[in-house]
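Asks: Predicted model and sequence follow; I will ask about them next.
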Amino acid sequence: MESFSFSRELRLLTPSHYSRIFNEPARAATPFFTLLAKPNEAGQPRLGLTVAKKRCKLAVQRNRIKRLARESFRLNQHKLDNIDIVLMVKSGVDEQSNEELTKQLNKLWLKINERCKPGAPKPKPYKKRPYKGKKPAKTQQK
RNA sequence: UGAGUCAGCCGGAUAAUCGCUGCCUGUGACGAAAAUGAUCAGGGGGAGGAAAGUCCGGGCUCCACAGGGCAGGGUGCCAGCUAACGGCUGGGAGGCGUGAGCCUACGACAAGUGCAGCAGAGAGGAGACCGCCAACUUCGGUUGGUAAGGGUGAAAGGGUGCGGUAAGAGCGCACCGGGCCACUGGUAACAGUUGGUUGCAAGGUAAACUCCACCCGGAGCAAGACCAAAUAGGGUUCCUUAUGGUGUGGCCCACAUCGGAACCGGGUAGGUUGCUUGAGCCUAAGAGCGAUUUUAGGCCUAGACGAAUGAUUAUCACCUCGCAAGAGGGACAGAACCCGGCUUAUGGCUGACUCACACC
């Protein structure tokens, strides 16, 4: 049985981890979230959260969003490759229900995973492809 | 029943599944061993009344410091409580409210300086616009007296009455009020059907400068302490000069680099600590009107660091809607070194009291 735990190995811990990802990441977004991601060498996916005070004023709401994101990531971690993900939020998240946010996140994990694959189209023209395997060799471009 | 005042309490419960975290008990990887304790399993903990604003006051830590003064800031009726306070308790005075009750930086403007729009004649040892009175008069007024009346204003230099007077006026008197000095009560603020004295003389504003009394060194857990990586980098000693040394690598080749080794401090990344046993909480008894405090017994009750304390489901309570089936709802809000307050946000429950109306 797969483990759904969420230990410290699955998190981004230091500022240096974050700054690595902010440099030329793959992106994916919904109306309330933006994900940035990059492949890593850790042997497992890792998650980092940034919930800006500017976007979400109350501490209670910031905590709620982080917990939802962690929970969702925890349950979806085995569908992901070895990538580092940074999650950022947009204005208005604090007004959404738990149900709605979880729904968006569940889709978003797969989307970002897809865009992180080597050879995945970096620029805008983006084509959805089914998830195939660990290392798809030379995927078609455009 | 409605309106209101003051207190106190609660901040849904239980279960299942999947997770996080640090504590305890086992397990004990790596290690020659000890030590340290990776990993896994189990157990039992895991946000608040405001955790918030960061407005005060302390503890703790480092820095500074003989003593005194200036500057700056704060406090401001009295007494008490407290580690301390700008807090609280009790009391006084003034004000608001029919009332239960509530509010007040509430020292000094007779040390000095300043400020006060408009109106008004005059705004501060005042003042004559109308009025009143007297004298003069060309009968239009003029001069003088006058603060009782009118008018202005937020505010006009005690109030009422009598006497008095040309008309008036503390001008005189009585009463009321005020000032001063005693006395009495009270620790004091202050009070008084107390006594004497004073005609009563310069109003407001000090969250205006100022004066008076008292208090205050600075920075903050990102404080501070310890460990400590690099082809980073400093010092001392010794050894070596390139057919050599060092790094990458199992080795050769190769590539890169130019001294090397030992020791010593400083210290970045990072880690450990500070970090939760404390002016602590609960219960009982005693002291006190009370804030509070004394004694005895019991308890250990979150410690994260890109930051845990969660998510989902079910059942039961509660509230709203509905005849019912059922549907919907649960506020304000998240610890960051720790306490004591204040302030602000907010859902509900209970009790005591007040007022109004109705009934008996």
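Replies: Yep, it's here.
Asks: give me phi/psi at the residue most central in space within chain A?
Replies: Averaging the C-alpha coordinates of chain A gives a centre point, and the residue nearest to it by C-alpha atoms, centre = their mean is residue A:85 (4.3 Å). Backbone geometry at residue A:85, expressed as degrees, to the nearest 10, gives phi -120, psi 140.
Asks: nearest residue to it other than its sequence neighbours?
Replies: Beyond its immediate neighbours in the sequence, the residue positioned closest to residue A:85 (C-beta to C-beta, 6 or more residues apart in numbering) is residue A:37, lying 4.6 Å away. Any C-beta I mention is one placed from the backbone N, CA and C, and that applies to glycine too.
Asks: for residue A:101, same thing?
Replies: Distances taken as C-beta to C-beta, 6+ apart put residue A:68 closest to residue A:101, at 5.4 Å, once the chain neighbours are dropped.
Asks: so who does the one you found touch?
Replies: If you count contacts by C-beta atoms under 8 Å, 6 or more residues apart in numbering, residue A:68 has them with A:98, A:101, A:102, A:105.
Asks: From those residues, keep the buried residues only.
Replies: Applying a neighbour-count criterion of 16 or more other C-beta atoms under 10 Å, the buried members of these are A:101, A:105.
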